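**Student:** Model the following, please.
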Amino acid sequence: MALHLILATHGPLAKGFAESIQFILKPENPIHTICAFTEAPNPGEAFDALCASIPETDTIIVMTDIIGGSVNKDIAQRLSQRRFYL
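**Tutor:** Now for the predicted structure:
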């Protein structure tokens with residue numbers, strides 16, 4: 001069972017956070033990014049695709065940039081479909 005961290009933000013902020021975390025901490029667990037409205041026009045669909053590649057037994061922690069923002073809301077709507085921490 002692995003731990004997956006998903007950073008979901010407006011624009012490329014998620015990639016910058018991921019690069020900084022990997023540089024400083026050298027984490028053993030995967031860090032995934034969703035750069036909403038740039039690389040991922042629909043963050044909810046990008047999240048669904050990413051979750052489909054992660055085994056159900058693995059733990060997922062999702063961090064978004066703005067509580068109550070569009071990215072956060074798109075992902076929060078999926079709490080009933082898949083177990084993850086937001």
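**Student:** residue with max distance from the center of this structure?
**Tutor:** residue 24 (19.3 Å; C-alpha atoms, centre = their mean).
**Student:** tell me which element that one falls in.
**Tutor:** Using DSSP states H and E, residue 24 sits in helix 13-25.
**Student:** Beyond that helix, next helix or strand please.
**Tutor:** strand 31-36.
**Student:** got the angle between that following strand and helix 13-25?
**Tutor:** Interaxial angle, strand 31-36 versus helix 13-25 (axes from the mean of the first three to the mean of the last three C-alpha atoms, to 10 degrees): 160 degrees.
**Student:** longest strand anywhere in the protein?
**Tutor:** Using DSSP state E, we find that the single longest strand of the chain is strand 3-10.
**Student:** That one - what's its average pLDDT?
**Tutor:** Average pLDDT, strand 3-10: 97.
**Student:** Equivalent analysis for stretch 51-71, please.
**Tutor:** 96.
**Student:** on that earlier part again, residues making contact with the helix holding residue 24?
**Tutor:** For helix 13-25, contacts defined as C-beta atoms under 8 Å, 6 or more residues apart in numbering pick out 5, 7, 8, 9, 27, 31, 32, 33, 34, 35, 65. Heads up, the C-betas are built off the backbone N, CA and C, glycines and all.
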